[in-house]
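Novice: sequence unknown, structure follows:
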């Protein structure tokens, strides 16, 4: 009887020892797949016109009213005024002929919005043919729209869809009426009026 009790105790001790050495392995959860966030990258906008200036407290002046001959280089003359003026210039090619174009628009304000160019306070348009043709176009009036998208941080951003009605002037033949299309987007820096004036002294 005593032997049986000892045998039973030994068996229980052995069973307890065996069970205590059993490793409990917990399965790892499957790795969570991280979804890669696709960031939308806006394409860099290319503007048709980026040359010349946007000026507050100014107006378009008479091109013949120039005190300093050097100032005539500016083509579109600005003077102090109560409005605002956008001047855009471009240099292009038409076949073998180089073109230089200046387009000035005077409005009371260039706040964001859409403007009827026929109602502009004043416009000035000149296109010079720099090849053998020796002619230029002087604009007298304008139709179309000007859209200002943004006027902040010292720059004016927008687009223009315009038809300029003017006259072709040439040394070789008489003046002729002409219509010129001027379209595209623009990003023009704001400058002080004083910085648009050229002085030889």
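Specialist: The structure has been received and is ready for your questions. These numbers were taken from a predicted model, which means no experiment stands behind them. Numbers count the residues shown, from 1 in each chain.
Novice: What segments of this structure are helices?
Specialist: Here the chain has its helices, by DSSP state H, at 2-20.
Novice: Below-threshold pLDDT in the protein: ranges please.
Specialist: The model of the chain has pLDDT under 70 over residues 1-30, 33-36, 64-73, 198-201.
Novice: I'd assumed residue 184 was in contact with residue 48.
Specialist: Yes: using Cβ atoms under 8 Å, residue 48 is in contact with residue 184, at 2.8 Å. (Each C-beta comes from the backbone N, C-alpha and C, glycine too.)
Novice: gap between residue 141 and residue 90?
Specialist: 20 Å (Cβ to Cβ, to the nearest Å).
Novice: Tell me which of those two has more neighbours.
Specialist: Taking other Cβ atoms under 10 Å, residue 141 and residue 90 do not tie; residue 90 has more neighbours (18 against 13).
Novice: what's the more buried one in contact with, if anything?
Specialist: 48, 49, 51, 99, 100, 101 (Cβ atoms under 8 Å, 6 or more residues apart in numbering).
Novice: so the last one touches residue 126, yeah?
Specialist: Read that as residue 101. Yes: applying Cβ under 8 Å, one finds residue 101 in contact with residue 126, separated by 7.2 Å.
Novice: hmm, who's touching stretch 157-165?
Specialist: 47, 88, 103, 117, 123, 125, 137, 139-151, 177-187.
Novice: Can you tell me who residue 186 pairs with across the strands?
Specialist: Taking DSSP bridges as the rule, residue 186 bridges to residue 49, residue 158.
Novice: which residues touch it?
Specialist: Residues near residue 186 by Cβ under 8 Å, 6+ apart: 47, 48, 49, 50, 86, 88, 156, 157, 158, 159, 160.
Novice: Thank you kindly, that will do.
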